Each structure stands twice: as structure tokens, then as C-alpha cells.
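Undergrad: Whatever this is, show me its structure:
(one chain, ligands or ions: 1)
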Amino acid sequence: MKTAVVFYSWSGHTRARAEARAQKENAELFEIKDAQRPGTLKAYTAGCFAAMRMKRTPTQPFTAPLGEYDRIIVMAPVWAGHPAPAINTVFDALPSGKEVVVVMVSGGGRSGCRGKVQALVESKGCILAGYEDVRG
Ligand SMILES: Cc1cc2nc3c(=O)[nH]c(=O)nc-3n(C[C@H](O)[C@H](O)[C@H](O)COP(=O)(O)O)c2cc1C
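TA: Numbers count the residues shown, from 1 in each chain. The predicted structure follows:
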């Protein structure tokens, strides 16, 4: 089974976990980046506002060939109880029929994001094959 790990990280915790996960799973690693990385004030204001409304924010072009993979592990930080908005571009790009595992990395380790990401994943015709809440 061919696996991809796709992640967003603002301050590095999710990146470290995604790198370790990709190595453990023998998976390809892809990163989605902001078009322009927000500073702290913008992350906690506009960033959280966008996260809570599950809005898309401008990202660099996301060109990972996700169609080539059977299983896609999506890893992202929690902002204001929701996935950090940049990762919504990755959910949008999921090809239908994939097994998707979502790992939410947060300060508290209990994000309450499961239902939200399950709806996103299923809206793309994919199966939420796993969900993990971890402390960053
Ligand atoms: C803008 C912002 C909002 C956050 N909101 C939450 C939150 O609602 N709940 C929580 O447990 N942690 C929250 N955190 C903490 C991050 O989820 C946590 O530090 C995570 O590990 C950061 O991942 P990263 O280093 O890959 O960006 C927030 C952090 C930021 C920057």
C-alpha cells in the first residue's frame, strides 16, 4: 500500500511529527505552505477566524500527486479548536476513494476536531480510516 503524509506546520511541531511518521510508514512526505507565513498576531486573529469558519487561506500551489497513493495521512495543528486553515486546501485536493488518516496536533492534545474532519473527508468521497489527537 502506497502512503503519503501531507502536513502543514506553522511553528514546527507538526513538521517534526510528520517527518517521523513518514519515516515509520515508509511514506512520501509533502508539505503545504502558506503563500505568506502569518506572524503571531495574524495567526491568532485572522488565522483563528478563518480556522473557525473552515475557510481556505492563500497557500503556495499544492501539487502533490495524491492520486498515486492508496492511503493519505493528513497532519495539521489545531487553531481555535479547528484545523489550521491552510490544511483545508489539502482536504479540497483529496481524490475520491482514498483511505485518509487525520492527525491533529494541539497544545492540549484533545482537539474535538474529529467530527469536522470526518465531514470534510467524506465530502470528498474518501473514508476516514483513522483519527488521532496528539499533543504537540
Ligand atoms: C493561532 C494558534 C491557535 C491555537 N489554538 C489552539 C487550540 O485551540 N487548542 C489547542 O490545544 N492548541 C492550540 N494551539 C496550539 C497548537 O495547536 C500547537 O502548539 C501545535 O503543536 C502547533 O503545531 P505547529 O508547531 O506544527 O504549528 C494554537 C496555536 C496557534 C499558533
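
Undergrad: State the mean pLDDT of whatever helix or strand K42 lives in.
TA: Element membership for K42, per DSSP states H and E: helix 40-42. Averaging pLDDT along helix 40-42 yields 98.

Undergrad: ok, now stretch 71-91?
TA: Here the average pLDDT along stretch 71-91 is 98.

Undergrad: How about stretch 55-67?
TA: What stretch 55-67 shows for mean pLDDT is 96.

Undergrad: other SSEs contacting the lengthiest helix in the chain?
TA: Longest among the helix segments of the chain by residue count, using DSSP state H, is helix 13-25. Secondary-structure packing of helix 13-25 (3 or more Cβ pairs under 8 Å, 6 or more residues apart in numbering; DSSP states H and E): strand 3-7, strand 28-31, strand 71-79, strand 99-106. Where you see a C-beta, it was placed from the backbone N, CA and C, and this is true even at glycine.

Undergrad: any chance of the ones you listed in a markdown table, plus mean neighbour count and distance to the ligand?
TA: Below are these laid out as a markdown table (neighbours: other Cβ atoms under 10 Å; distance: least, Cβ to the nearest ligand atom, whole Å):
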| stretch | mean neighbour count | distance to the ligand |
| --- | --- | --- |
| strand 3-7 | 23 | 8 |
| strand 28-31 | 18 | 11 |
| strand 71-79 | 24 | 3 |
| strand 99-106 | 22 | 3 |
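
Undergrad: need the contact list for the residue of the chain found nearest the ligand.
TA: Here the residue of the chain nearest the ligand is G136; by Cβ to the nearest ligand atom that distance is 2.0 Å. G136 makes contact with 13-14, 17, 77, 105-107, according to Cβ atoms under 8 Å, 6 or more residues apart in numbering.

Undergrad: Recalculate using a threshold of 10 Å.
TA: Contacts of G136 were listed using Cβ atoms under 10 Å, 6 or more residues apart in numbering, and they are 9, 11-14, 16-17, 77-78, 104-109.

Undergrad: Rounded mean pLDDT for the longest helix of the chain, please.
TA: Averaging pLDDT along helix 13-25 yields 98.

Undergrad: Neighbours of A51, how many?
TA: Look at A51: counted by other Cβ atoms under 10 Å, it has 24 neighbours.
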